[in-house]
Structures are given as structure tokens and as C-alpha cells.
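Asker: What would the 3D arrangement of this be:
(chains A, B, C and D)
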There are 2 protein chains.
Amino acid sequence: MSNRILKLVRSEELRRSKSDRLIANYIERNMVELPYETARSIATHLRISPMTVGRYLRRLGFDGLDDLKNELRRGHSNPAWQVKGQVDRLQQDIRDGKLIAGLIQEQVDNLGQIYELTTSPEWQQAIDLLVSASEVYVAAYQNVRGIAQYFASQLSYTRPRVQFVDGLNGTYAEVLDGSVEGRVLFLHDVRRFAAKAQPLALEARRAGVKVILLTDEFCLWPKEASDVALIVPGSHGPLWDGAATMTAVMDLLLSNIIVLLGDQVNERVELLTRLQDTFGDFEA
Amino acid sequence: MSNRILKLVRSEELRRSKSDRLIANYIERNMVELPYETARSIATHLRISPMTVGRYLRRLGFDGLDDLKNELRRGHSNPAWQVKGQVDRLQQDIRDGKLIAGLIQEQVDNLGQIYELTTSPEWQQAIDLLVSASEVYVAAYQNVRGIAQYFASQLSYTRPRVQFVDGLNGTYAEVLDGSVEGRVLFLHDVRRFAAKAQPLALEARRAGVKVILLTDEFCLWPKEASDVALIVPGSHGPLWDGAATMTAVMDLLLSNIIVLLGDQVNERVELLTRLQDTFGDFEA
DNA sequence: GCACAAGCGTTATATTAATAACATTTCTGG
DNA sequence: CCAGAAATGTTATTAATATAACGCTTGTGC
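Answerer: Take a look at the predicted model:
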């Protein structure tokens, strides 16, 4: 069982030194990619020497990384839990008018409409702003708040100075105090619009902050309150909230930014990943 | 994507000679173990020469087995942006406008796979648990945390006693204290798995809490740590790490629950809406 | 603050993998 | 059966990985 490896790696006795913890943590969190790694590649990630990795593995009781891989291989021998997809049956069932299939169809249609959005000038403007901004603030309320947080979290992998703002203190001073040029506010608001959203957007513009608004077709104030409005046509029936569509739009934005920034992103990701590896060992 | 490898290996043009077919078959049937193999090990298995394997791979368009492994790896845990050469190609494609359309197509394919998931027994079990539970706790970490919060927020529209847990105090007492029967923990964890997730799941089960685990196909411990495992395949598509797919799954879960509960949900939604109006965070 | 020990990095070396160049076998059409 | 071609195997070379041996750094007990 690969579980034995996890147990070993987690055992306190074998986490004595700093690099012990680094390596243990790295192994634990990158179990899936381990087969592709070498002692050297792990060492490089963690900015330590391959030798240290080898020594650690030996203390775990393995004769080198290959030996560990062998055990991994046996443990991984039968992944019975893979769900095999067959779109054909999906299409058949949609014709039969089954409920879930219908919902998925709706989702698929929505995703098609996203494509239109990505070809619009607003899309480009949004990308440009997100890339060139000195600071990016992300805001959203109520039920889509979590999704916007996800966006902020992912965006911060691509560029520095990204922050989610919740305005808990009621002032939004961090966004509105005008202390930094070139700020951008990314505001996500849908359906039952939050009362706070429009005022925030207006104030932001007044303070010289560019506003990108990600919303749906029912927003009544996209132009007044934003510099760039991304309006996602979605189905807002009683059953379907369309958050998946919004997430898809965000993923596309991120992909686009990644492509634009290219190697810069790679560097930043490696930096953040190393930080994760470094700080990860305190919580395990 | 690893899908591309399968397509290549199956294409008739590249199955001309006897060893072509041998190797193609071997790769196709041993996809999972491929990361552990070398050109030599494959050759030995098939009683042919390593050279032949190398040549075949080159004709497939790979620069040796390591190159193929790299692509496999990306199919596994793909931050598509980790590979520098690929970024350049992406930049080219996006100028041509091919990329976005292709990405969306891929995403659509993923949604097809979701459908497969909804027909599985695990899906029904998950729905049953979420409906019949006395209390539902939702947990997730790092970048998917926000998404899980969204799920918790939406789920609380369909049924009472839903809570997001962040374990900030380090005990998770609210979930684990055994004070209430029939609790359910909905745990969402993907990609770079959080160190805290598995221990939480194990503890929860020990405390008599049923665990629903929403994860991707690379989770190494779905069975030990959950009563019901919802494994979403291909969630590591070209659009970042596929949060959109996960959100879609959540939306589907919610839809399904709403359908099951019917009028009960309507009542609850009306109640919550009235509360919202009272406290005034929403517009119109 | 000193001496000793444990941990870590560096260099050199053995082992292994992949491939180019050449030799041999197998296949194909007549 | 016999060329010529295609496919495969063999050998030698190159690149890369892992580790042993040694030396430096950091930590620890007195």
C-alpha cells in the first residue's frame, strides 16, 4: 500500500531536521507526481542537495528513490475508481429527456456562449487591466463570494499584489484611499445583486480605480459603474444558478493571463510552490 | 492530455510493423505504470530492443520516453503553464483564436464525463446523505476553499443545518464531538492535496460522521477516508485546474437535491429571501 | 564559548538509460 | 527465390542519476 509510505513520511521520528520535514512534506503533497521525479528534481525544487534526499530515503528504509517508486507502483496497481466517460450515452439520454442530462445540456450551451465573450473587446480590455494593474482587488458578496475568493487565490499565482477585499470594517480604505496609482477592482456580482456592490464600484471609479465587473445580463448598471463589463449570458432558472459558468469564465481569464505572461508566471509559481513546501510542514 | 497519447498509439498509420503494434499495445494497456518504465524495461517485456522502442516513440512525435512521460505528467496534475515550451505555442494559438475554442471544447468533454458520474451509485448515496443528514459540514482547503464555501452557501438554501468548517481553532470540535447523530462531512480536495484533509476525514469517520469526498482521480486515499467518494475525472484540463468542472458537479448535486426535496426547498427559499429582505444586503 | 556530533553540500565515480552509427534480419514484389 | 527496402538488433558513445568519501556548517551539551 502506498499508505505505508504516507505513514512513514508522517512519522515524527523521521522528521527531525529541517530538510527532513521539507522532503517529507514534498513527498506527501506530491505523491501523484512522484513517479516522474528524481532525487535531483526534488532536491532542486527544495533548494537542497540530491544527496540529502537520498540519505533521507535511506533512513525511511528505502534503497533510493527507485525502491520507493517500486513500492508506489505496487500500491497503485489497481485504480478501480476511475469513472469512464462516454459522451455517446450522454447524448442518447438527452434525447430521452432525462433530467440531469438536460441540466448538463444547459450547462454545455452556456459554455458555448462564453466563447462569444472571449472574442469581445471587453475581454481584451479586462485581460490588459488585470495584467498591467499595479494592484488588483477582488470583491464579491454573499453566495458568489467564495467563487471570487477562488479567483483571487488563483490570480495571485500569476501576478503579485492580488487581494480579496471583504469590506468588513465598512470603509474599503485599502482600495479607495488613492495611495497607489493603477489599481484595479475586479467585482463579481450576479442575480440578486448585493446592495454594497454598486456603491463600491462607483466610489472606486471616483477614486481613480479601474473597475472590471463580472456579472450577468440582469445587471442594470454595468456601464455607469464599470470601466469594463463582462456580461455572461446565463440561465437563471429556479434550479440553475450558473456558478459553474462563472467559474469557467474565471478559468478562461486565468488561462489567458497565463499565456500572456508566459515565463513570468512560471517563475512566480515556482516561488509560491516552494513557499508552500516550506510552510507546509508546520501544519502537517 | 494523456488522451492524445492514446489517440496516437491507436492510430493505424503508426501501427505498420509488428513491433509497432507490440509497443502500441503495451503502452495502451500499461498506461498507468508507464511512468515507472524505461525504454529498456518495455523492450525486455516485449523481447525486443530498446532502440526499437526509442525509434517508435520518435515516430509518434516524442523526443524519447522522458518526453512522453512529461506529457503524461501534465495529463495527471497539469498546471499547463509549468512547461515553458508549451507556453510559447499557446501564445501563438491564442492569437489565432484557436485556443479558447479548443479549451471550451475540452471543458465540454469534461462535462460529458460528469454525466457519467451522476449515474453512479455513489452519486445517489451522496444525494441521500446530503438530504437525510441531521447536519452537514463542508470543508476544503487552499484554493478550492472558496468554491466549497459557495457550495455550502447554496446548499443551505435547500436544507437547514449546513455549515462551512475551517478548523481555525485546530480542533474541528463542532464536527467531531459526537454530540449529534447523523452528521455528514462533505470534503472537497483536489490536486495538491491538503495535508489536513485526510486526517480530518479519518477522524470524522471514527467519530461516526459519514464522509462524502469530492475529489479528482489522483486522490490516493478515496476508499479509506470516505463513505462515499465522488471522483471527477479529467478535472485537470487545459483550463487551469478545472474548478469549473467541480463547480458544475456541485451545481448538479444541488439541482438533484432541489428536485428531490421539491416544495420543501421552495418554502425554505422563501423564508431565506424574506430574511434577506429584512436585513437588506440585497438590492431590489 | 568550546568541543563534539549531527546534518548538509561538493566532488568524483559507478551505474544506468538513451541514441547515433553500423550490421543484420525480415519483409515485399517480381 | 532474389534483389532492394524496410525494420530490427548490436555496439559504442553520451548524458544523467545515485551514492560514496570527504569537508564544511550548524546545532547542542557542558
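Asker: mean confidence score for stretch A:44-64?
Answerer: For stretch A:44-64, the mean pLDDT works out to 87.
Asker: do the same with stretch A:126-135
Answerer: Rounded mean pLDDT across stretch A:126-135 is 96.
Asker: Dump it to CSV, restricted to CA.
Answerer: The C-alpha trace of stretch A:126-135 is given here as CSV (Å, rounded to 0.1, in the frame of the first residue of the first chain):
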residue,chain,number,x,y,z
ALA,A,126,-10.2,43.0,-18.9
ILE,A,127,-7.1,41.0,-19.6
ASP,A,128,-5.0,44.0,-20.2
LEU,A,129,-6.1,45.6,-17.0
LEU,A,130,-5.5,42.5,-14.9
VAL,A,131,-2.0,42.2,-16.3
SER,A,132,-0.9,45.7,-16.2
ALA,A,133,-2.5,46.8,-12.9
SER,A,134,-0.3,47.8,-10.0
GLU,A,135,-2.6,46.2,-7.6
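Asker: For it, buried residues please.
Answerer: A:A126, A:I127, A:L129, A:L130, A:V131, A:A133, A:E135 (16 or more other Cβ atoms under 10 Å in any protein chain shown). Glycine gets a C-beta too; all of them are placed from N, C-alpha and C.
Asker: any idea which of those residues is closest to DNA strand D?
Answerer: Taking Cβ to the nearest atom of the strand as the measure, DNA strand D sits nearest to A:V131 out of the buried residues of stretch A:126-135, at 33.9 Å.
Asker: The host helix or strand of that closest one: how far from the chain's middle?
Answerer: Under the criterion of DSSP states H and E, A:V131 resides in helix A:121-132. Relative to its parent chain, helix A:121-132 has a centroid offset of 19 Å by Cα atoms, centre = their mean, to the nearest Å.
Asker: Cross-check the contact I'm expecting between A:L260 and A:V131.
Answerer: Yes: counting by Cβ atoms under 8 Å, A:L260 does reach A:V131; the two are 5.8 Å apart.
Asker: Report back the residue of chain A that's furthest from centre.
Answerer: In chain A, A:D63 marks the outermost C-alpha relative to the chain mean, sitting 37.0 Å out by Cα atoms, centre = their mean.
Asker: Is it correct that that one falls within a helix?
Answerer: No: counting by DSSP: H, G, I helix; E, B strand; the rest coil, one finds A:D63 to be coil, located in no helix.
Asker: So A:I5: helix, strand or coil?
Answerer: Applying three-state DSSP: A:I5 is helix.
Asker: which residues touch it?
Answerer: Neighbouring residues of A:I5 by Cβ atoms under 8 Å, 6 or more residues apart in numbering or on different chains: A:I27, A:M31, A:L68, A:E71, A:L72, A:G75.
Asker: Considering only the residues you listed, which also neighbour chain B?
Answerer: Intersecting the contacts of A:I5 with the surroundings of chain B, defined as Cβ under 8 Å from any Cβ of the partner chain, gives A:M31, A:L72.
Asker: What is the nearest of the contacts of A:I5 to B:L46?
Answerer: The nearest member of the contacts of A:I5 to B:L46, counting by Cβ to Cβ, is A:L72 at 23.4 Å.
Asker: Quick check: the closest one touching A:Y36?
Answerer: No: using Cβ under 8 Å, A:L72 makes no contact with A:Y36, being 11.3 Å away.
Asker: From chain B, how far off is A:L260?
Answerer: As judged by Cβ to the nearest Cβ, to the nearest Å, A:L260 and chain B stand 7 Å apart.
Asker: what about that residue, which helix or strand?
Answerer: Element membership of A:L260 [criterion: DSSP H and E] is helix A:243-261.
Asker: After that helix, which helix or strand is next? Please name it.
Answerer: Of the helices and strands lying after helix A:243-261 in sequence (DSSP H and E), the nearest is helix A:263-280.
Asker: That following helix and chain B in contact?
Answerer: Yes: shown here: helix A:263-280 in contact with chain B (Cβ under 8 Å from any Cβ) through A:D263, A:V265, A:N266, A:V269, A:Q276, A:G280.
Asker: Scan the residues you listed and report the most crowded one.
Answerer: When neighbours are taken as other Cβ atoms under 10 Å in any protein chain shown, the top entry among the residues of helix A:263-280 next to chain B is A:V265 (22 neighbours).
Asker: Whichever residue of the stretch 101-250 of chain A sits closest to DNA strand C: which element?
Answerer: Residue nearest to DNA strand C within the stretch 101-250 of chain A (Cβ to the nearest atom of the strand): A:Y157, separated by 26.1 Å. Taking DSSP H and E as the criterion, A:Y157 maps to helix A:145-158.
Asker: Run me through the strand neighbours of the helix or strand just after that helix, direction for each.
Answerer: The helix or strand immediately downstream of helix A:145-158 is strand A:162-164, counting by DSSP H and E. If you go by DSSP bridges, strand A:162-164 pairs up with strand A:135-140 (parallel).
Asker: So which residues on the stretch 151-284 of chain A come close to DNA strand C?
Answerer: For the stretch 151-284 of chain A, no residue is in contact with DNA strand C (Cβ under 7 Å from any atom of the strand).
Asker: Low-confidence ranges, the stretch 151-284 of chain A, go.
Answerer: In the predicted model, the stretch 151-284 of chain A carries pLDDT under 70 at residues A:191-193, A:218, A:234-242, A:277-284.
Asker: And the stretch 1-150 of chain A, by the same measure?
Answerer: Checking the stretch 1-150 of chain A against pLDDT under 70 turns up A:1-3, A:12-15, A:75-112.
Asker: what about the helices in it?
Answerer: A:2-10, A:18-29, A:39-46, A:50-60, A:65-75, A:87-96, A:99-118, A:121-132, A:145-158 (DSSP state H, counting those that start in this stretch).
Asker: out of these, which comes closest to B:A197?
Answerer: Closest to B:A197 of those, according to Cβ to Cβ: helix A:18-29, at 10.8 Å.
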